[in-house]
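Enquirer: Next comes the sequence, and after it the predicted model I'd like to discuss.
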Amino acid sequence: MSPALSQQRAAPAVACAARLGGRAGSSSSIASSRRPGSRAAPRRQTLQGRQAALEVACSLNNSAGTAVPKPLKLDERDTLRLALPSKGRMAEDTLQLLKDCQLSVVKPNPRQYVARISQLPDLEVWFQRATDVVRKLITGDVDLGIVGLDMLAEIGNDDPDVVVLHDALDFGQCHLALGVPTGGRFAAINSLEELRSMPWSEQAPLRVVTGYQNIARKYFAEKGFENVVLLSADGALEAAPAMGSADIILDLVSTGVTLRENNLKQIAGGTIMHSQGALVANRRALLERPGLLEICHELLERLEAHLTANAYYSVIANMRGGSAAEVSLRLLQNAELAGLSGPTVSRVYTLGADGKAEPHLYAATICVPKKRLYPAIGGSGVLVQPMTYIFDEEPPRWRHLLDTLGVSADSLDLS
Ligand SMILES: Nc1ncnc2c1ncn2[C@@H]1O[C@H](COP(=O)(O)OP(=O)(O)OP(=O)(O)O)[C@@H](O)[C@H]1O
Ligand SMILES: O=P(O)(O)OC[C@H]1O[C@H](OP(=O)(O)OP(=O)(O)O)[C@H](O)[C@@H]1O
Ligand SMILES: [Mg+2]
């Protein structure tokens with residue numbers, strides 16, 4: 001951890017508004033809002049204006065930077081709890097994923113914040129905003145949660161009580177990246193190195209607007225930026241550079257359309273992290289709440305079976321050959337056609353034009369990765385079907401969870 005970062009952790013109320021490499025509490029390093037193009041000349045701020053900037057930056061930074069207070073002991077309750085995003089783009093996709101795993105969350109109306117999953121009667125579902133899913137996991141108010149990895153990094157801040165059970169739920173894919181103006185003095189800036197080399201100073205620091213204050217603070221400190229001020233906004237961040245209220249943004253990108261429509265670009269080295277939906281849990285709850293690990297096992301089995309299957313097609317192809325073994329060998333020699341363990345090959349019984357059985361026709365059934373389908377198949381007589389589930393003997397993520405917790409599967413009732 002850099003000295004600047006540890007300073008800020010120790011005294012966030014003062015250091016939050018200071019430049020990243022600066023002395024904590026140095027009010028001269030605080031940027032205030034200003035008109036675009038006014039950077040060349042050092043700006044003069046009134047004491048009152050500076051104080052206002054300090055207060056705004058501190059209150060905004062504190063809301064993201066303050067550690068979530070944790071109880072010493074988990075509260076006593078009979079039920080187990082799963083928190084799901086209550087609104088926004090993650091909400092619908094989360095419910096759809098659970099539905100695809102044959103877990104139907106019954107939520108009679110959008111204003112109801114507690115629900116049940118009939119297949120998991122011991123589990124209560126609580127709907128929360130994405131940030132609160134993480135906060136409530138840390139405090140142990142909920143035991144499990146589904147949330148984006150970006151939120152987990154920002155709010156969870158590497159909290160050791162948060163355990164990631166599944167980090168690739170295959171929805172909500174996006175990445176956190178810098179968005180830099182395409183024109184003006186940034187026209188020739190295409191890399192992080194070039195951005196850092198610009199003449200940022202205490203009087204004219206790089207102003208970055210972001211909803212990810214914790215991540216941004218760590219990132220710029222790690223990358224050696226010295227004069228940076230983090231500003232906060234709740235949405236539509238991409239407007240800030242054109243408005244003149246910030247130089248660049250640090251925000252989520254998925255299709256890149258919002259950046260493009262606002263004359264912003266990504267730069268080399270400016271991707272901070274990749275994100276998608278994840279299943280997370282409270283470590284103490286996993287170890288202490290009876291029945292929770294068993295529910296995790298069931299969730300992981302269902303999720304893995306669905307998500308693995310989602311990446312494959314089931315293909316049945318009619319092939320000619322001297323024998324089933326010869327056809328199998330041909331398929332096994334091509335890694336893309338070998339299936340999960342190997343192809344299933346069986347005789348196809350047809351009547352030829354002469355009324356006799358056709359002796360050399362075989363049907364091969366294989367799993368083909370969706371991405372490889374077109375290069376893999378050729379010819380006719382090929383049936384392609386979606387896969388619903390692929391059950392593995394033991395989901396690797398389950399084994400990993402047990403190893404992380406130091407728990408033996410023998411102590412659990414996984415029937
Ligand atoms: N453009 C995007 N593409 C894919 N995933 C995204 C995108 N924006 C956000 N996400 C994911 O969705 C999560 C929730 O985002 P957010 O809190 O912004 O909700 P929202 O769906 O955008 O609703 P709102 O912004 O109106 O509250 C993020 O933490 C991130 O994991
Ligand atoms: O790369 P894209 O596909 O264009 O997506 C990126 C945009 O999506 C999110 O905004 P959202 O739609 O949640 O609006 P918000 O700013 O109001 O949160 C994010 O904050 C970006 O602005
Ligand atoms: Mg949003």
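Expert: Yep, that arrived. Ligands and ions are numbered 1, 2, ... in the order given.
Enquirer: C-alpha from now on. contacts and neighbour counts both.
Expert: Noted.
Enquirer: anything in stretch 171-179 sitting right up against ligand 1?
Expert: Yes. Stretch 171-179 comes into contact with ligand 1 when judged by CA under 6 Å from any ligand atom, the residues involved being 172-174.
Enquirer: Show the buried residues in these.
Expert: 172-174 (16 or more other CA atoms under 10 Å).
Enquirer: give me the number of residues near the residue lying closest to L192 once chain neighbours are set aside?
Expert: In space, and not counting its chain neighbours, L192 is closest to G269: 5.4 Å by CA to CA, 6 or more residues apart in numbering. The local packing of G269 (other CA atoms under 10 Å) involves 13 other residues.
Enquirer: now G269: how far from ligand 2?
Expert: Taking CA to the nearest ligand atom, to the nearest Å as the measure, G269 and ligand 2 are separated by 17 Å.
Enquirer: per-residue pLDDT, that residue?
Expert: Taken from the predicted model, the pLDDT recorded for G269 is 98.
Enquirer: again, but for L331
Expert: What the model reports as pLDDT for L331 is 84.
Enquirer: Assumed it was part of a helix.
Expert: Yes. Assignment of L331 by DSSP: H, G, I helix; E, B strand; the rest coil places it within a helix.
Enquirer: what sits against it?
Expert: Contact partners of L331, counting by CA atoms under 8 Å, 6 or more residues apart in numbering, are 337-338, 343.
Enquirer: likewise Y219?
Expert: Under the criterion of CA under 8 Å, 6+ apart, the contact list for Y219 reads I272.
Enquirer: In strands only, show me the residues of stretch 171-179 next to ligand 1.
Expert: Assignment to strands by DSSP state E places the following of these there: C174.
Enquirer: Nearest to ligand 1 among the residues of stretch 171-179 next to ligand 1?
Expert: For ligand 1, the nearest member of the residues of stretch 171-179 next to ligand 1 is G172. The distance, counting by CA to the nearest ligand atom, is 3.8 Å.
Enquirer: Which strand or helix spans I146?
Expert: Element membership of I146 [criterion: DSSP states H and E] is strand 144-148.
Enquirer: Show me the residue of the protein that gets nearest to ligand 1, please.
Expert: Taking CA to the nearest ligand atom as the measure, the point where the chain comes nearest ligand 1 is G88, at 3.0 Å.
Enquirer: Which parts of the stretch 51-200 of the chain are strands?
Expert: Counting by DSSP state E, counting those that start in this stretch, the stretch 51-200 of the chain has these strands, from start to end: 80-85, 105-106, 114-117, 123-128, 144-148, 162-166, 174-181.
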